[in-house]
Every structure is written in C-alpha cells, then in structure tokens.
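> Here is my input; please provide its structure:
(one chain, ligands or ions: 1)
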Amino acid sequence: MADAEFLKEINKRRTFAIISHPDAGKTTITEKVLLYGRAIQRAGTVKGRGANGSFAKSDWMQMEKDRGISVTTSVMQFPYNDCLINLLDTPGHEDFSEDTYRVLTAVDSCLMVIDAAKGVEERTRKLMEVTRLRDTPILTFMNKMDRETRDPLELMDEVEKELSIVCAPITFPIGCGKSFKGVYHIYRDETYLYKSGQGDIIQEVVTVKGLDNPELDAAVGEDLASILRDNIELVKAGSAEFDEEAFLKGELTPVFFGTALGNFGVDHMLNGLTAWAPAPLARNAESRQVEPTEENLSGFVFKIQANMDPKHRDRIAFVRLVSGKYEKGMKLHHVRIGKDVNISDAVTFMAGDREQAEEAYAGDIIGLHNHGTIQIGDTFTKGEDLKFTGIPNFAPELFKRIRLKDPLKQKALLKGLVQLSEEGAVQVFRPLINNDLIVGAVGVLQFDVVVSRLKNEYNVEAVYEPVNVTTARWIESDDPAALEEIQRKVPQNVALDGGDNLTYIAPNMVNLNLTMERYPKIKFNTTREH
Ligand code: G4P
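Model (predicted):
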C-alpha cells in the first residue's frame, strides 16, 4: 500500500501546457503564472526579457550557460494554492516543431490562450486537434482585454463552432480597451475591478459583491454596469454551465477573461486549474493501464533536446513520470534496449530561487543525460517490460529534398538522418522508386537544425532542394494486396520513413484525397506510434 505522503505528493501535481497562436500572449502569461508561483520576483524575466537574475539559479542553468543548451523554460515547476504545477513549454515561433505537438501528449491538461481581438487562429486550431488524441481537458483564457476586442459572446461562439468544444464562462469582462473595468465572476457573484499599470506585480484587487449592487454602477459606470447585467442574463440563458465531468472529458472548457500584460485574470485561471484540472492521469501501456499511484516508477520519453554546441554531444531526454517516485541515484530499466542504467544526475525542474529537487513524482518531468541511446517513445521502469502508447510521430507539413555536397557520404547521411529521426528532430522519407532522401518537418527551424547537426555530429555537409511533396500519411491495411497495388501503381508517391514504415507522400491535398478514395482498404494515418 502506498503511504499517505506519497499519495498526497502525486495528487497535488498539475501538469499542463499552453496552446496558442504566436503573439496571443503565451510568454506573457507564463511570466505572470510564475509570478503567482513566486518563482520569479517580478514579471519580465522569462526568455531573457530583461533578466534580473532571479530565475536562473540551479545547477542546470549553470550547465546551460556553460554548454549552451537552451532549456531554461522547457519545464517550469512551481507551487500554487496547495498544488505543485508543472508547466511544459510548447515552442511556438520559429522554434515551432514536432516537439510542440509531442509535449501535448505528456500533459494532463492545457490552457488555450486566445487573443480576444483576433479570436481563433490557425496554430491554435492545429494544437487543439492534437489535444483531441487524448481528449485533454482545456481551460481557456481570452487575453488582451485591455485592447479593443471582439464581443465576448461572439468569441465564445467562434470557439464552440471552430473548435467543437462547449464554452462555459467562469468570468465575464466589463468593457474592453481603455474602458476595460474588470471581470464579473459568475459563480461567486463578485466583480473584480481592474487597475491598469500594475502588470509586474500581484495587485490588490477591489471586489464588489453582487450584480445588483449600486457600488458596481459607481465603480464601472452605469452604462457598463447595465451592459454587464444584460450580458449575464444572456449567458445564464444561453451559455453552458460549468460541468467538471464534461471538462475532464475535453468536451467543455471553462473560459476566463483578462489581460496577461496587465496581470489581471491570470489568478482566476490558475484557481480554476488547481481546482479542476486533473492530477496525474493513468496511462495506457501495450500490456496494461498504469496508475500514477503505483509505487514502481515508470515514465516515457516525449522530447530529446540536443546540444547545439559541437564540443558537447550530450542530449537531454525529457521523461514524463507516469507512476511512482524518482530518487537521486536510482537504477532504471531502459525497456527497449533491455538494460538497467544508473541515473545519478537526472535533471529536475524547479523554477526560481530554489535548490534543485532530489526527488520527483508521477506527473513530473525529469531530464536524463543521453549519448544517443534514448529515442522518442522509450519507456523507463523499475524492471517491468512496459511500453507506453500515445507518443506518436505527427505527419510532417513541410518537405525538402536533402542532397550531399560530397556524394561519397551517402551512407553517413542516411545513418545521421535515421538517428535524428529516432530522436524526433526530423523525419526522413525514401521514395521506393529512386534514391532521393526527403526530409519532413512540422516547423521550418527543424531543417536548419538537421543540417547543422549532420555537419557537427556526422561530418556530413548537406544542402536542401525543393521537392514536390506537401503532405504525408502513414499507410496500413489488413489487405496485403491493396498495399502491394499502391506500391506498384504509384511507386513515386510511396516511401519508407526512418523506421521503414510505408508512407504515402502526396504532391497536394487533391491528390491525397483522390488516392484515399481509390484505395478504400488502406488506412491513411496522420500519426504513427513509435
Ligand atoms: P507569445 O508568447 O504567445 O508569442 O506572445 P507574447 O507573450 O510574446 O505577447 C505578444 C505581444 O502581445 C507582446 O507585445 C506582449 O507584450 C503583448 N501582450 C501580451 N498580453 C497582452 C495583453 O494582455 N494586453 C496587451 N495589450 N498586450 C499583450 P510585443 O510588443 O510584441 O512584445 P514586447 O516588446 O512587449 O515584449
């Protein structure tokens, strides 16, 4: 039987990530969240935005500085309310990559940040699709209320229609832009008044109790108070009520309004996260379901971060702990290669001015030093032969043909590309019909990373050329004749990926759709399990 302390540690964990379109405010909200977690003293220190030093204290940060690895904000752990929160970074701008998708397979809930002036944007749509694979619970923050925004009811309507998730407003905004006055909390029947110019600190917020309170009119003006009352009437008649069960199934999202820059409303969202978001969830392995409260440690690798400094070839494998407890110096079983490894120096992630933690629990992330033996999707246990599922490859969206400068190094190039694909840095496809090597990625930066790593780690100089491929699907079928036919009829569009899996590579969506119609017995998959 697991002891009470152990259960308490696991139940207080909340592991989440932020999904948003670039510029919606992910970085800003991360700063404010860390401010509430007391992980930073003043907002404005994430991603080197005028660092005041209070964020970079652990050994790990020093190692980063020495070795030039940039993972400072890969995982941020901090306490809030009675919980211990793990916030996993989802690379978003130029650094957007397949890792961004895979991080979402390692969390138990997500915060969707939407720019309230813009509404649902393309990247958010894509990331939401990924969260559907596990029906991840989603909280929503409508950001930038201090700007001229769209109508809040219309925004929620758009989320419901475009993302197929029911919106349950928890707070509701009063005005926007220069006349943004605060939010009304529908369930507490309280209005919190916004004061601008206090974005870097945790503000003392004035509260007005009750919607019909004349103090509300005095505080926000009669016009806005009256609009608020009308809106709340509409919400109560037309919007869904918060339902925790539907939230946990990923069917309904609690919606909060505020401004990350003005640091207003972020704490309402955090209170929702700690109250409703799930503690570490059970996970499926091929043989059985693994409960977080099992005493034996288990976990899976969802991301490998390479060191771009050629002097240091080590990489860090990020392991999401599924069950049990990690302690420094522990021996772990690396299931795929069947070996026990001593983990003397795993990296743990405590944001802020704290000692590096010596232990970690289910729900936490640890970083293992890796010299090339660890792959995405690998499982670590205390000895059991478990293999976790649900950490897939995602169909690339960008393709280039890669060509050697020195043609004699074809073998080294292939070896390098296959290894990099096992690490999840990129995907590689070899058409059946020729000797082309096609590199597939989700984000543009992945291409540069691959060329630079091929040079540094495999001594291969390669360049890219355009290729007429825009999308890929892994193909499988119970009918071998169908697979044989597609390979015979359109060999130019069938390729093997880094793990020798059959893939259909299409010049455009029209071609893909026609081919799917033509081969009804073949499944065309957008993800592939490792
Ligand atoms: P991202 O990580 O999602 O890409 O977004 P980020 O937080 O970097 O925010 C993008 C821009 O939007 C930044 O402005 C940021 O200051 C601004 N922003 C974020 N939240 C709010 C908000 O609640 N209200 C307003 N008015 N602006 C907000 P920038 O000028 O591009 O960058 P910076 O120079 O301010 O850093």
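> This structure against the ligand: which residues are in contact?
Contacts of the chain with the ligand, taken as Cβ under 6 Å from any ligand atom, map to 20, 22-28, 92, 143-144, 146-147, 259-262. Just so you know, the C-beta spots here come from the backbone N, C-alpha and C atoms, and that holds for glycine as well.
> residue contacts, Lys523?
475-477 (Cβ atoms under 8 Å, 6 or more residues apart in numbering).
> make it 6 Å
Glu476 (Cβ atoms under 6 Å, 6 or more residues apart in numbering).
> swap in Tyr80?
Contacts of Tyr80 by Cβ under 6 Å, 6+ apart are 36-37, 270.
> quick one: which of those residues is nearest to Asp99?
Of all the contacts of Tyr80, Asp99 sits closest to Gly37, with 23.5 Å by Cβ to Cβ.
> What sits closest to that closest one if chain neighbours are left out?
Nearest non-adjacent residue to Gly37, counting by Cβ to Cβ, 6 or more residues apart in numbering: Phe78, 2.9 Å away.
> Please apply the same query to Pro79.
Closest to Pro79 by Cβ to Cβ, 6+ apart is Gly37, at 6.2 Å.
> Equivalent analysis for Gly498, please.
Ranked by Cβ to Cβ, 6+ apart and with sequence neighbours excluded, the top spatial neighbour of Gly498 is Ser421, at 3.3 Å.
> looking at this, that neighbour is in a helix?
Yes: counting by DSSP: H, G, I helix; E, B strand; the rest coil, Ser421 is found in a helix.
> Can you get me a residue count around it?
22 (other Cβ atoms under 10 Å).
> Let me know the pLDDT of it.
Here the pLDDT value assigned to Ser421 is 91.
> ok, it - contacts?
Contacts of Ser421 by Cβ under 6 Å, 6+ apart are 427-428, 498.
> circling back: how close does the residue nearest to Gly37 get to Asn231?
34 Å (Cβ to Cβ, to the nearest Å).
> Repeat that for Leu496.
57 Å.
> Tell me which of those two has more neighbours.
Between Leu496 and Asn231, counting by other Cβ under 10 Å, Asn231 is the more crowded of the two (18 against 14).
> re earlier: I figured the residue nearest to Pro79 hits Met76, correct?
No: counting by Cβ atoms under 6 Å, Gly37 sits too far from Met76 to count as a contact (7.9 Å).
> can you give me the strands in the stretch 1-150 of the chain?
13-20, 75-80, 83-88, 109-115, 138-143 (DSSP state E, counting those that start in this stretch).
> do the stretch 401-530 of the chain as well
Using DSSP E, counting those that start in this stretch, strands in the stretch 401-530 of the chain cover 427-431, 438-441, 462-465, 471-476, 494-497, 502-506, 523-525, 527-528.
> With the stretch 251-400 of the chain instead?
252-257, 283-284, 289-290, 298-306, 315-323, 325-327, 330-334, 339-343, 347-348, 359-361, 365-370, 379-381, 393-394, 398-404.
> which residues are in contact with the second one?
Residues outside strand 283-284 that contact it (Cβ under 6 Å, 6+ apart) are 290, 322, 388-389.
> burial of the residue nearest to Ile337 when sequence neighbours are not counted, as a residue count?
Closest residue to Ile337 apart from its sequence neighbours, by Cβ to Cβ, 6+ apart: Thr373 at 6.5 Å. Thr373 has 14 neighbours, counted by other Cβ under 10 Å.
> any idea how far Thr373 lies from Pro22?
Taking Cβ to Cβ, one finds Thr373 at 35 Å from Pro22.
> buried ones in stretch 470-481?
470-475, 477 (16 or more other Cβ atoms under 10 Å).
> Identify, from those, the entry nearest to Val183.
Thr471 (41.9 Å).
> Apart from its chain neighbours, what residue comes closest to that closest one?
Closest to Thr471 by Cβ to Cβ, 6+ apart is Ala506, at 5.1 Å.
> tell me, how many neighbours does the residue in the stretch 51-200 of the chain positioned nearest to the ligand end up with?
Per Cβ to the nearest ligand atom, Lys144 is where the stretch 51-200 of the chain lies closest to the ligand, at 3.9 Å. Counted with other Cβ under 10 Å, the neighbours of Lys144 add up to 26.
> can you check Leu445 too?
15.
> pLDDT value on the nearest residue to it once chain neighbours are set aside, please?
In space, and not counting its chain neighbours, Leu445 is closest to Glu94: 5.0 Å by Cβ to Cβ, 6+ apart. If you check Glu94, the pLDDT there is 76.
> burial of Glu94, as a residue count?
A count of nearby residues for Glu94, using other Cβ under 10 Å, gives 11.
> Touching, it and Phe447? I think so.
No: Glu94 is not in contact with Phe447 according to Cβ under 6 Å; the separation is 11.2 Å.
> before we move on, back to that, out of the contacts of Tyr80, which are inside helices?
Using DSSP state H, the subset of these located in helices is 36, 270.
> which ones are touching Gly498?
With contact set as Cβ under 6 Å, 6+ apart, Gly498 has these partners: 418, 421, 428.
> Tell me how far it lies from the ligand.
Between Gly498 and the ligand the distance is 31 Å, computed by Cβ to the nearest ligand atom, to the nearest Å.
> now Asp479
Taken as Cβ to the nearest ligand atom, the span from Asp479 to the ligand is 46 Å.
> list the contacts for that residue?
Contacts of Asp479 (Cβ under 6 Å, 6+ apart): Lys521.
> quick one: pLDDT of it?
So Asp479 comes in at 97 (pLDDT).
> rewinding a little: can you tell me which of the strands of the stretch 1-150 of the chain has the worst average pLDDT?
Per-segment mean pLDDT for those reaches its minimum on strand 75-80, at a mean of 90.
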